[in-house]
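Student: Sequence first, predicted model second:
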Amino acid sequence: MLAEERQRLTLQLLHRYGEVLVSDLAEQLHVSDETIRRDINALQNAGLARRVHGGAVLPRENLQEAGYRERALTNPDAKRQIGAIAASLVEDGDSILIGHGATTDTIAPALTARHLTVVTTSIVSLNLLLAALQQKQTDASLLFLGGNVDLENRSVHGALTERQLSSLSIDKAFIGATAIDSDGVHMYHQDENALSQIMIRRSSRIYVLAERAKLEKRALYKTCDLDEVHHLITDTADGLSSSFKQALQDAGIQLHCTN
């Protein structure tokens, strides 16, 4: 079993139980205790686990993802600026998909392109676009995907949403992310991750929106490899490691920063 797979399994157990023991993991994964310690060190270096005597626990900030309202109130100016850059990359006649998230929801108010088809799973983006249509600020055709309503994240997901999305072909998808590192794009929730994977498959160009705080970090579920992303829109590249910048370049990702 590759180290990446062992670490992913370790993370899954951490999120399920809150802690793991080196001896239990070594027995379950059929490797030595030292191998498990190296895996835990790697997870700790990525900010995903905290090593303790005999095992590992979740770092406090990873115990749960903040709710939508808290996320929306965190760095709102940076989010709006990221949304404005994303909107500027939309061209007349495009079909676009706006995924769920406090950052992607800032795209809708900034859209100026005409004759768009906008697909979304976000209840917030839906309401913003409906208001713009009523005020004749846009002539976009709007498609809201049905599914299980997630009030906490103000979006829809689930099997019905996935089936509807799988029948579409979209020019540009704008999706958020919990974390991005050299291994790829990651998300915290399994349902949101599965839906984002379909968004990526059904879209010709992929735009990921993420604040600097989410870069060079990893979350529980991997969404895609870096080479499946075409554009990364963030607030700043300050402090990014040379290895991460090189990974973006090797993947052919165009980096957009608000400053």
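Tutor: Right, received. Where do you want to start? Numbers count the residues shown, from 1 in each chain.
Student: Give me the residues contacting stretch 39-51.
Tutor: Applying CB atoms under 8 Å, 6 or more residues apart in numbering, the contact partners of stretch 39-51 are 3, 6-7, 10-11, 14, 22, 25, 37, 55-59, 61-62, 181, 217-219. All C-beta atoms are positioned from the backbone trio N, CA, C, and that covers glycine.
Student: next one: stretch 136-149
Tutor: 111, 114-121, 123, 126, 129-130, 132-133, 156-162, 164-165.
Student: Distance across it, terminal residue to terminal residue?
Tutor: One end of stretch 136-149 to the other measures 28 Å (CA to CA, to the nearest Å).
Student: Ok, stretch 129-143 next?
Tutor: 10 Å.
Student: quick one: buried residues of that stretch?
Tutor: Leu129, Ala132, Thr138, Ala140, Leu142 (16 or more other CB atoms under 10 Å).
Student: Let me have those residues in a markdown table, extended by secondary structure, distance to Gly83 and pLDDT.
Tutor: Formatted as a markdown table, the buried residues of stretch 129-143 follow (DSSP: H, G, I helix; E, B strand; the rest coil; distance: CB to CB, whole Å; pLDDT from 0 to 100):
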| residue | secondary structure | distance to Gly83 | pLDDT |
| --- | --- | --- | --- |
| Leu129 | helix | 13 | 95 |
| Ala132 | helix | 14 | 91 |
| Thr138 | coil | 15 | 87 |
| Ala140 | coil | 16 | 92 |
| Leu142 | strand | 17 | 96 |
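Student: where does the stretch 101-250 of the chain dip in pLDDT?
Tutor: By pLDDT under 70, the stretch 101-250 of the chain contains no weakly predicted segment.
Student: For Phe244, which non-adjacent residue is closest in space?
Tutor: Glu216 (5.2 Å; CB to CB, 6 or more residues apart in numbering).
Student: So what's the residue count around the one you found?
Tutor: Residues lying near Glu216 (other CB atoms under 10 Å) number 18.
Student: need the contact list for it.
Tutor: Ile180, Asp181, Ser182, Leu240, Ser241, Phe244.
Student: Show the buried residues in those residues.
Tutor: The buried subset of these (16+ other CB under 10 Å) comprises Ile180, Asp181, Ser182, Phe244.
Student: For Thr35, see how far away the second one is.
Tutor: Using CB to CB, to the nearest Å, one gets 21 Å for the distance from Asp181 to Thr35.
Student: quick one, phi psi at Ile96?
Tutor: Dihedral angles of Ile96 (phi, psi; degrees, to the nearest 10) stand at phi -130, psi 150.
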